[in-house]
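S.K.: Please work out how this folds:
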Amino acid sequence: MTVTDDRPAGVLGSRLLRREDPALLTGEAKYTNDLHLPGALHLALVRSPHAHARIVSIDLSAAKAAAGVVAAYTGAELAGLWAAPMPCAWPVTADMKNPAHFPVATTKVAYVGDAVAVVLATSETAARDAVELVDVRYDKLPAVIDLEDALSDRVVIHDELGTNKSYKWDLKIEGHEGAIDQAFAAAAHTVKERYVQQRLLPMAMEPRAVAAVPQPFGGDMTLYSATQVPHILKVMTALTLGIPEHQMRVVCPAVGGGFGSKLNVYAEELLCVALARKHKLPVRWNEERGENAHATIHGRGQIQDMELAADADGRITAVRVRILGDMGAYLQLVTPGIPLLGAFLYAGVYDIPLYDFSCTSVFTTMTPTDAYRGAGRPEATYAIERAVDALADKMGIDPMELRKRNFIRKEQFPYTAMTGLVYDSGDHLAAAQMAAGLADYDGVRARQATQNVPGAKKRLGIGQASYFEMCGLAPSRVLASLNYSAGGWEAATVRVLPTNKIQVVTGTSPHGQGHETSWSMIVADKLGVSPDDVDVLHSDTAIAPLGLDTYGSRSLPVGGVAIAIACDKVIDKAKKIAAHQLEANEDDLEFAGGTFSVKGTPERSMPLAAIAFEAFTAHNLPDGLEPNLEAHVTYDPPNFSWPFGTHICTVEIDVETGQVEVLQYVAVDDCGNQVNPLIVEGQVHGGVIQGLAQALFEEAVYDTEGNLKNASLAEYLVPAASDVPGLTLGHTITPSPTNQLGVKGIGEAGTIGAAPAVINAVVDALSGLGVTSVPMPASPHNVWKAIQAAQNGASK
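M.R.: Residues are numbered from 1 along each chain as shown. Predicted coordinates for the structure are as follows:
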């Protein structure tokens, strides 16, 4: 069920079916593993079975003698191929510690799955079989999997650093330090909570795949990869391997999901390119599902200490946050910056005057963490929304009422937060009220009074989460202030061909977001053509040489707006040609429905199709005007965009088994103007399910030796279709004033709102039993333990 506004829809705002789907659904889409590469060598990696160990010796002789094997190498033998260590693009502090990380370890391993040798063979089977023949001797060292243990430096993982602490980053706000202490001292109510963000496996439907294809002459290299970031990968590969960038081309065929896990530069990509150059043959690698659990980054991994201070009426006066972040064994592309993406959001959607945030991040002997859907924003929202519920419980008032007392009001926008960021637009009360109505919030509260009685076997709970998302990360100068190595701009080219068909070249790189459909709709609306006449080219750095790719809900508010601006430039040029042809002043022309006409005399008109052909022939153009009709734009937004919403979850819990059943889930989201509501709904559906999965199902579990205990889908629990409740979606529309389309991002919204809404509902259901906290995931076992602990505590 979906409830939206009643705006009339033209091309923009229509529920156009995705043009990408027929190929995907019929198996016609081509993925990296579908590429036919005659003579290609297959790469397989020897991976450490230990979380922490010194490499004593490696014997490759048996592997080299195996049938089909072409070569095998240790890390030491490959050391000369690297011009630099693997890249980390976000040195968050000047003194951040970052151990040198190479694609293959040479002296020491730091997590289970760390590569120690590679094999090249004529088939994938031969390569993987030969891996089993490699004899590696290790001197095993203690594992470090607990964050506070890591911080103690009981066992130092990287000897050259002398500590496990990577950095400490404080969000310093002038005048707040002493005022924070005063606010807590004067507060009528305070809460102090600890929350744990468990590690998650991204588990994209398509594991990673790589193929590097050298050209016979000249040194050019084409890298095919299931990546979200072809442009970033091109630059970083050139730097890491010392290849002239103009000789590198990166192509993303169809990509089967990413969720941030393919926003990276991985060892296997660098190895394929380096070995393809060395052997002058294509080299490819395909990740197996079990390998994916170790070789691809993990998400989340934080301990959050949250404190709120409030006055007697429940107005929150101060927030104090202390984060301990799990970097894993090494810093991947943006690993250290993930906590910073949430650093500005621990005050949530509330009008709070004082703010104190600090993050310390440590190395552990586990797979590196990095961006996972939401990347820092879900973590922040979870902490503030759980803490607001804890404050409401302490005060004895309804959590919805407490939120209403603290929301930033509609009339306060644009709102300058205490952190200095400007929130572009919002109406949190409207979103919360719509969600409450769709969820029958008052009705559920009434049912609780009769159902949640002493001795009840099933208890009813309702929880909510209101969120802000900071997305479309820009402008580039702001990213520079955070020490981020890249910018926040995006590039677009719009080209009107002589036959009035439109070619769009975008720097975004979709992997399920529907860019071909949405971008064609933007162009169709602007130029007065059919979306079917618009061709969208992407994900190939030879075709789209400029771009910063797709992540962080940036594509529409940055890439889509760039396309709209390019269309405006095309129209401006076309107007000059039309004015010349019609012998009219440019100011006297108007453009509608794909045609220029003279105001007041519509019979004097010229369609875009005719102008495009005139621009192509260049027979009669105004003096000084270049032939052809196209425009290129590089757009650097003036601000982030700030989507928001309220999610409400209703659950029923069997107190004897701890089983949680989600009875209803309501999501009301506001992403500004919607280009295609059908795509918006799909993004929200997927996001909610991933957030619900963190709340109820998923956790990467390590034993004390640093072994991942649930590396396969037989053990790592992801929700099946039967586990997913019906979703009721609603939308409010609050356009962003910072871009001409009035759009905001939506890809991560569902994930941000879901986990706190679900856990708040679980705790609400069990509050009558004395339960005040349930860890994620709220599995039957964890829920049952929370009930038992509360009952045992009450009996003492």
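S.K.: contacts, neighbours, all on C-alpha from now
M.R.: Noted.
S.K.: Please name the residues that touch N639.
M.R.: 422, 473-475, 738 (C-alpha atoms under 8 Å, 6 or more residues apart in numbering).
S.K.: for it, helix, strand, or coil?
M.R.: coil (DSSP: H, G, I helix; E, B strand; the rest coil).
S.K.: separation between it and G730?
M.R.: To G730, N639 is 26 Å away according to C-alpha to C-alpha, to the nearest Å.
S.K.: thinking again about what came up before, out of the contacts of N639, list just those in strands.
M.R.: Counting by DSSP state E, the contacts of N639 place V422 in strands.
S.K.: of the contacts of N639, closest to T450?
M.R.: Of all these, V422 has the smallest distance to T450: 45.1 Å, by C-alpha to C-alpha.
S.K.: In the sheet, which residues pair with the closest one? Tell me.
M.R.: T416 (DSSP bridges).
S.K.: thinking it is in contact with P414, fair?
M.R.: Yes. With contact defined as C-alpha atoms under 8 Å, V422 reaches P414; the gap is 6.4 Å.
S.K.: So, low pLDDT: which residues of the stretch 651-796 of the chain?
M.R.: 794-796 (pLDDT under 70).
S.K.: what mean pLDDT does the lengthiest strand in the chain have?
M.R.: Criterion DSSP E: the longest strand present in the chain is strand 316-328. For strand 316-328, mean pLDDT is 98.
S.K.: Tell me the helix or strand right after it.
M.R.: Tracing the chain C-terminally past strand 316-328 and defining elements by DSSP states H and E, one meets helix 338-343 next.
S.K.: The helix or strand just after that following helix versus strand 316-328: what angle between them?
M.R.: The first helix or strand that comes after helix 338-343 along the chain, using DSSP H and E, is strand 354-363. Inter-element angle recorded for strand 354-363 and strand 316-328: 10 degrees (by axes from the mean of the first three to the mean of the last three C-alpha atoms, to 10 degrees).
S.K.: can you confirm V478 is in a helix?
M.R.: Yes. When three-state DSSP is applied, V478 is found to be in a helix.
S.K.: circling back: which neighbouring elements make contact with the longest strand of the chain?
M.R.: helix 147-152, helix 176-186, strand 302-310, strand 354-363 (3 or more C-alpha pairs under 8 Å, 6 or more residues apart in numbering; DSSP states H and E).
S.K.: Name every strand pairing with that strand and say which way it goes.
M.R.: strand 302-310 (antiparallel), strand 354-363 (parallel).
S.K.: the inter-axis angle of that strand versus helix 176-186?
M.R.: 120 degrees.
S.K.: i'd like the first residue to be 9 from this point on
M.R.: Yes, from this point I'll number from 9; that puts the last item at strand 324-336.
S.K.: so how far is strand 324-336 off the chain centroid?
M.R.: 20 Å (C-alpha atoms, centre = their mean, to the nearest Å).
S.K.: picking that back up, quick one: which of the strands paired with strand 324-336 is nearest T780?
M.R.: Taking the strands paired with strand 324-336 one by one with C-alpha to C-alpha, strand 310-318 is closest: 14.9 Å.
S.K.: what about the closest one, distance to the chain center?
M.R.: 24 Å.
S.K.: CA-only coordinates of that strand in CSV, if you can.
M.R.: Coordinates of each C-alpha in strand 310-318 appear next as CSV, following Å, rounded to 0.1, in the frame of the first residue of the first chain:
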residue,chain,number,x,y,z
GLN,A,310,30.6,0.3,16.5
ILE,A,311,30.1,0.8,20.2
GLN,A,312,28.0,3.9,20.9
ASP,A,313,27.8,5.7,24.2
MET,A,314,24.9,8.1,24.1
GLU,A,315,23.9,10.7,26.7
LEU,A,316,20.9,13.1,26.5
ALA,A,317,20.1,16.0,28.9
ALA,A,318,16.5,17.4,29.0
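S.K.: residues of that strand that come out buried?
M.R.: Buried residues in strand 310-318, counted by 16 or more other C-alpha atoms under 10 Å: 310-318.
S.K.: next one: stretch 145-154
M.R.: So, applying 16+ other C-alpha under 10 Å, buried residues of stretch 145-154: 146, 149-154.
S.K.: measure it end to end?
M.R.: 26 Å.
S.K.: now it: mean pLDDT?
M.R.: On average, stretch 145-154 scores 98.
S.K.: same thing with stretch 429-446?
M.R.: 97.
S.K.: now that stretch, how far from the chain's geometric center?
M.R.: The answer for stretch 429-446 is 23 Å, by C-alpha atoms, centre = their mean.
S.K.: quick one: buried residues of it?
M.R.: 430-444, 446.
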